[in-house]
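Peer 1: Let me see the structure of the following:
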Amino acid sequence: MPRSLEMRDSVHRPTIENIFKRGMRSSDLARTLGFPYSTVKNRLSCTQKRRIVRNDGLSLNKVAGELKIGGRTVQRIVKDNLKLDSYKLARCQNLSDPPKANRLDKAKKLLAHFGVRRDSDVIWSDEKIFTIKPNPNRQNQRQLLRNGENKSPKRRQASNRLFHKSVMTAFEFSGQIKKSYTYEPPCICMQRHFEEKDFNTADEIKTELKGYVYLRPAGFCKNGIHKLPERWKHAVEHDDAYC
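Peer 2: Predicted coordinates:
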């Protein structure tokens, strides 16, 4: 910190300490010494104003720590003397027209693809992602402006990205048997058996299914599993009505 901005000790410091230790209040102490509070406040106001001119987004608590004064005192100086208010950074959408059109096109394709599907075949990725640049926190990042300037071009904006800036350190595929959307009694016992178990490969799923079907009673596949596509189609055509 430049020496010109440092708060130097007052020549009255030893006297003030002795009187304060005797139990005298701060207001009585100021009147006794003939050293009004406004004198110190004006010095602090000038120091703080120069800092705000250089950076209107500085932390008032940090300023209070550097000047070795109370946080409440700094807030009173900013509000009463400098006539400044604290505003959150304005939020804006950091998305240009081409990405917007691309996003809409992808959404339409996904909706058309999954809109005709009645079962759930899911393959997803398990990515080890670490955020290296989070989105700005508008609650903590503020800007000091005069009253009425919150809607002026002086107010800075914080762009919210769709995704955090991240780095991926590992990648793997995994599969899971999910519950079907429509109600099929032959699948109820199967759902209870698997309980949405996780499988890392397709071979593990096949092995588990073969073992399950082998233990089922006679006619299970003929009257149950083999008729599932027909029942699914009927459910789709008749608004989820089961037959």
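
Peer 1: right, and residue 73 touches residue 64 too?
Peer 2: Yes. The criterion here is C-beta atoms under 8 Å, and residue 73 meets it with residue 64 at 7.2 Å. Every C-beta, even on glycine, is put in place using the N, C-alpha and C of the backbone.

Peer 1: which residues do those two both contact?
Peer 2: Common contacts of residue 73 and residue 64 (C-beta atoms under 8 Å, 6 or more residues apart in numbering): none found.

Peer 1: count of neighbours near residue 23?
Peer 2: If you count neighbours by other C-beta atoms under 10 Å, residue 23 ends up with 7.

Peer 1: do the same with residue 63
Peer 2: For residue 63, the number of neighbouring residues by other C-beta under 10 Å comes to 19.

Peer 1: now it, nearest residue through space, not along the chain?
Peer 2: Spatial nearest neighbour of residue 63, excluding adjacent residues (C-beta to C-beta, 6 or more residues apart in numbering): residue 74 at 5.6 Å.

Peer 1: Okay, that neighbour and residue 108: tell me how far apart.
Peer 2: Here the criterion is C-beta to C-beta, to the nearest Å. By it, residue 74 lies 53 Å from residue 108.

Peer 1: Compare those two (neighbour count), which wins?
Peer 2: residue 74 (20 against 10).

Peer 1: Would you check that that one makes contact with residue 64?
Peer 2: Yes. With contact defined as C-beta under 8 Å, residue 74 counts as touching residue 64 (4.5 Å).

Peer 1: Verify the stated contact: residue 49 with residue 84.
Peer 2: No. Using C-beta under 8 Å, residue 49 is not in contact with residue 84; the gap is 9.1 Å.

Peer 1: out of these two, which sits in the busier spot?
Peer 2: Ranked by neighbour count (other C-beta under 10 Å), residue 49 and residue 84 place residue 84 first, with 20 against 14.

Peer 1: doesn't residue 144 fall inside a strand?
Peer 2: Yes. Counting by DSSP: H, G, I helix; E, B strand; the rest coil, residue 144 is found in a strand.
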